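1. Here is a sequence together with a model predicted from it:
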Amino acid sequence: MTGVYSGMPRWLLAVAAAGALFLIVPLAALVLRVDWSRFAELVASDSSRAALLLSLQTSGTSTLLCVLFGVPMAFALARTRFRGQRVLRALVLLPLVLPPVVGGIALLYTFGRQGLLGESLRVLGVDIAFSTAAVVLAQTFVALPFLVLSLEGALRTAGTRYEAVAATLGAGPTTVLRRVSLPLVGPGIVSGAVLSFARALGEFGATLTFAGSLQGVTRTLPLEIYLQRETDPDAAVALSLVLVAVAVLVVAVAHRIHEGSTP
């Protein structure tokens, strides 16, 4: 039986309340600023619908890439020991603290026409920069660490006792992974994927730098909001509220998954 400790000093609660207000009041101001009489019209324009559809498509694709690469990376960091592991973990998590525009520049000098790999790819007829593929790569670059961090924490919390028992019973590494490890941390994978999707959906700096802003091709919803801010502030506010609503939904889903996986 568990209880809630309530012996916290009041001054600490007051500071916590001030911090909560600092986060909540700007969101409330955004809601109050929306022109509700024109809300449907503002978010249903051709450019807005194109940006939203592109954002959902690219964010979904980048989330799949995050799962594809992030799950093996998290297992490698949580279940193995090798020289340079701490350095590798720091590099993997670097996009969490790196300014997105720096990530965009790095991607541009890797996959751009004059980039490290871009020239070779161009010979093969593949031109990535300033295309929809560039949007996906930019979103994956900034979102991948969220899945790795979430899943690595879930793996360390779960421990290795069930995997060890399965191995002693004769199960091979792949069988243990498929029948024990993945089901054990399934909620962690889903939670990390949800957070990665949210981060990809809100990506701006790396996308603008590496992919540009071409309507229907690379102009995602955050870029559309940025452009509308100069020409139609009401549309920018309405679209911003759409992103806020999606973010709230994502956080709620991730929290529910976390609670459901906690004994």
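-> Alright, I've got the coordinates.
2. Scan the chain for its longest helix.
-> Criterion DSSP state H: the longest helix present in the chain is helix 46-79.
3. pLDDT averaged over it - what is it?
-> Average pLDDT, helix 46-79: 94.
4. now for it, which elements pack on it?
-> helix 85-93, helix 132-158, helix 186-201, helix 221-231, helix 233-261 (3 or more Cβ pairs under 8 Å, 6 or more residues apart in numbering; DSSP states H and E). Where you see a C-beta, it was placed from the backbone N, CA and C, and this is true even at glycine.
5. try it again with 6 Å
-> Helix 46-79 sits against helix 132-158, helix 186-201, helix 221-231, with contacts defined as 3 or more Cβ pairs under 6 Å, 6 or more residues apart in numbering; DSSP states H and E.
6. can you pull the buried residues of the helix or strand following the first one?
-> Counting by DSSP states H and E, the next helix or strand C-terminal to helix 132-158 is helix 161-168. Along helix 161-168, the positions that meet the burial threshold by neighbour count (16 or more other Cβ atoms under 10 Å) are 163, 166.
7. now stretch 122-129
-> Within stretch 122-129, the residues that qualify as buried are 122, 128-129, counting by 16+ other Cβ under 10 Å.
8. Quick one: closest of the helices and strands packed on helix 46-79 to Ser240.
-> helix 221-231 (5.6 Å; Cβ to Cβ).
9. quick one: average pLDDT of that closest one?
-> Confidence for helix 221-231, expressed as mean pLDDT, is 93.
10. re earlier: next, format the helices and strands packed on helix 46-79 as TSV and append mean neighbour count.
-> Formatted as TSV, these follow (neighbours: other Cβ atoms under 10 Å):
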stretch	mean neighbour count
helix 132-158	23
helix 186-201	23
helix 221-231	18
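11. Let's have those helices in a markdown table, adding distance to Gly19.
-> Converted to a markdown table, the helices and strands packed on helix 46-79 look like this (distance: least, Cβ to Cβ, whole Å):
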| stretch | distance to Gly19 |
| --- | --- |
| helix 132-158 | 23 |
| helix 186-201 | 21 |
| helix 221-231 | 25 |
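12. Ala138 against Phe210, yeah?
-> Yes. Applying Cβ atoms under 6 Å, one finds Ala138 in contact with Phe210, separated by 4.9 Å.
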